[in-house]
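> Pasting a predicted model and its sequence here:
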2 protein chains.
Amino acid sequence: MRPALSITEPKQSLGAVAYREIYRRIMTLDFEPGQRLEEKRLMAQLGIGRTPIREALMHLSDDFMVESHPKAAVIVRPITIQNTRATFAALKVLEAGVVELAMRQEISAMLPELEAANHAVKAAIARMDIIELVEANSRFHHAFARCSLNEYIVNCLHKVRCETNRLAYLSYGNEIDPDRSLQTHYRSVIREHDTIIETLKKRDENRLKKTILQHVNTFQQRIIRYMAS
Amino acid sequence: MRPALSITEPKQSLGAVAYREIYRRIMTLDFEPGQRLEEKRLMAQLGIGRTPIREALMHLSDDFMVESHPKAAVIVRPITIQNTRATFAALKVLEAGVVELAMRQEISAMLPELEAANHAVKAAIARMDIIELVEANSRFHHAFARCSLNEYIVNCLHKVRCETNRLAYLSYGNEIDPDRSLQTHYRSVIREHDTIIETLKKRDENRLKKTILQHVNTFQQRIIRYMAS
DNA sequence: TTAAATATATACTTGACATATATTGTATGG
DNA sequence: CCATACAATATATGTCAAGTATATATTTAA
């Protein structure tokens, strides 16, 4: 039996702590795209030794959040048109795959998490808390991905989501579209999330796939408009 | 200008060396599923320090080739029915995705590599060199995945392929089906590979997708028969 | 069978060294 | 005088070694 402490603090490794913290700073653009991440600096900033820092950087590299240039430098991955295109292309393939797989699985265990995340998204929008919005939205899509019960797909979507989260921070921080306002966008997101849960419960494969792809498009159009501006 | 040595030996890091060597031993079932991999042992066996060994084990864990039990042990990932099912499910989603993406890309640069790997597969079959067969087949499918020009998909398929390679070694090492012989299986593989290249060149999306999924099925059926025996 | 004590391997730290890369500085040629 | 190429330097990374603390697994005892 583990001590009660473990319930709230699963005694995560320092490597995991470093990953989370650097991840957060990259996501929130505190560490800007292209910026160099030096081990010594990170050690000082996070108060953590070199071993877990290097471990975290390796994992971030696996997740395509940083680029590793051996013997030279680790830099925050630049945001480019090409990368963004590839991100959305992968997103469509994988989310559609989730739908196909989820329809052949028992997924009732995932629903509470999905609905909790959905609720958190709505609350964050109501409070206009962008950081929490992106994180709750990330949890929602992670829970959705897990409906595939396929660790490969879940893992790959995690990496794609690292990038979409960064894009979300980028675009939500700026009002970019005078016609179709941010509020209108949020309403679309909420409506689509609700529809996703609804069709998932009904196991309506065609409508679910259509909704998911539309949901990706809703976001993609926003990003395209952002990058064009 | 780099020394001539770099052309053949790109001066890979010891971490990469360790990864490759442990990967090879897992793939060839020299390290058996479930077997524990101790750092000290690996250090002695490979003559490499602890840092790159740990780095390699982390990457192998990312690739689902080993399971990491923090503070306890790293073990070679067991081969189970469930994992195998998930592997093939992901394979079908991702390979179909590759087809969709490849059809909208300029992929002529990938064709030489595809054809070279295909040739190597045929040669390995002719020589009945199972190790080279699996590796050449792996290169073929890696080249095919790269036709998507999508690093997320390529990366995910790499992980899936780690598992399918292991399954291939497992099944090719044993004659398991008296009716449908190993030679018949090889002939199917060769025919399907040829068709894949052919339809890729012709950009015949429907036929390519059909062929790829059939190719996956050809292998899956063999594995199912193997596991049933 | 459960619980306590022990042993071992991992997670992490510190310090050090070699090397590859980037940077600076120098020299040569246009 | 400027630009290019080359040489020297500095710095950060890759790797090793040794040691500490701790968590897990194992053994022992109850």
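Perfect, thanks for sending it. Predicted model only: the values in this text are computed from it and were never measured.

> any idea how far stretch A:192-209 is from the chain center?
For stretch A:192-209, the distance between its averaged C-alpha position and the chain's averaged C-alpha position is 20 Å (C-alpha atoms, centre = their mean, to the nearest Å).

> Does chain B have contacts with it?
No - contact of stretch A:192-209 with chain B is not found when judged by C-beta under 8 Å from any C-beta of the partner chain; the minimum separation is 12.5 Å. The C-beta positions use only the backbone N, C-alpha and C, and glycine is treated the same way.

> Show me the contact partners of that stretch.
Contact partners of stretch A:192-209, identified using C-beta atoms under 8 Å, 6 or more residues apart in numbering or on different chains, comprise A:96, A:99-100, A:102-103, A:107, A:111, A:114-115, A:118, A:121, A:140, A:144, A:147, A:211-212, A:214-215, A:218.

> I figured residue A:190 hits residue A:122, correct?
Yes - counting by C-beta atoms under 8 Å, residue A:190 does reach residue A:122; the two are 6.0 Å apart.

> ok, those two, which is more surrounded?
Of the pair residue A:190 and residue A:122, residue A:122 is the one with more neighbours under other C-beta atoms under 10 Å in any protein chain shown, namely 17 against 14.

> mind checking the SS state of that one?
Using DSSP: H, G, I helix; E, B strand; the rest coil, the three-state assignment for residue A:122 comes out as helix.

> Contact partners for it?
residue A:190.

> measure it to DNA strand D for me?
Using C-beta to the nearest atom of the strand, to the nearest Å, one obtains 37 Å as the distance from residue A:122 to DNA strand D.

> what's the distance between that residue and residue A:66?
When distances are taken as C-beta to C-beta, to the nearest Å, residue A:122 and residue A:66 turn out to be 32 Å apart.

> could you point out which element follows the helix or strand of chain A with the lowest mean pLDDT?
Among the secondary structure pieces of chain A, namely its helices and strands, helix A:5-8 has the lowest mean (mean pLDDT, DSSP states H and E), a mean of 38. Along the chain past helix A:5-8, the next helix or strand (assigned with DSSP states H and E) turns out to be helix A:14-27.

> Indicate whether that next one makes contact with DNA strand C.
Yes - using C-beta under 7 Å from any atom of the strand as the criterion, contacts between helix A:14-27 and DNA strand C involve A:14-15.

> pLDDT (mean, whole number) over that helix?
Looking at helix A:14-27 alone, the average pLDDT works out to 96.

> Determine whether any part of it lies close to DNA strand D.
No - contact of helix A:14-27 with DNA strand D is not found when judged by C-beta under 7 Å from any atom of the strand; the minimum separation is 11.5 Å.

> What count of nearby residues applies to residue A:226?
A count of neighbours around residue A:226, defined by other C-beta under 10 Å, yields 17.

> Can I get the helix or strand harbouring it as PDB, trimmed to CA atoms?
Assigned by DSSP H and E, residue A:226 falls within helix A:205-228. Presented in PDB, the C-alpha positions along helix A:205-228 are these (Å, rounded to 0.1, in the frame of the first residue of the first chain):
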ATOM      1  CA  GLU A 205     -20.100   6.500 -37.200                       C
ATOM      2  CA  ASN A 206     -20.800   8.600 -40.300                       C
ATOM      3  CA  ARG A 207     -22.000  11.700 -38.400                       C
ATOM      4  CA  LEU A 208     -19.200  11.400 -35.900                       C
ATOM      5  CA  LYS A 209     -16.500  11.300 -38.600                       C
ATOM      6  CA  LYS A 210     -18.100  14.200 -40.300                       C
ATOM      7  CA  THR A 211     -18.300  16.200 -37.100                       C
ATOM      8  CA  ILE A 212     -14.700  15.500 -36.100                       C
ATOM      9  CA  LEU A 213     -13.400  16.500 -39.500                       C
ATOM     10  CA  GLN A 214     -15.500  19.600 -39.400                       C
ATOM     11  CA  HIS A 215     -14.100  20.300 -36.000                       C
ATOM     12  CA  VAL A 216     -10.600  20.100 -37.300                       C
ATOM     13  CA  ASN A 217     -11.500  22.300 -40.200                       C
ATOM     14  CA  THR A 218     -13.000  24.900 -37.800                       C
ATOM     15  CA  PHE A 219      -9.700  25.200 -36.100                       C
ATOM     16  CA  GLN A 220      -7.600  24.900 -39.300                       C
ATOM     17  CA  GLN A 221      -9.500  27.800 -40.900                       C
ATOM     18  CA  ARG A 222      -8.800  29.900 -37.900                       C
ATOM     19  CA  ILE A 223      -5.100  29.100 -38.000                       C
ATOM     20  CA  ILE A 224      -4.900  29.800 -41.800                       C
ATOM     21  CA  ARG A 225      -6.500  33.200 -41.200                       C
ATOM     22  CA  TYR A 226      -4.100  33.800 -38.400                       C
ATOM     23  CA  MET A 227      -1.000  32.900 -40.500                       C
ATOM     24  CA  ALA A 228      -2.300  35.000 -43.400                       C
END
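
> Fine, thanks again, bye for now.
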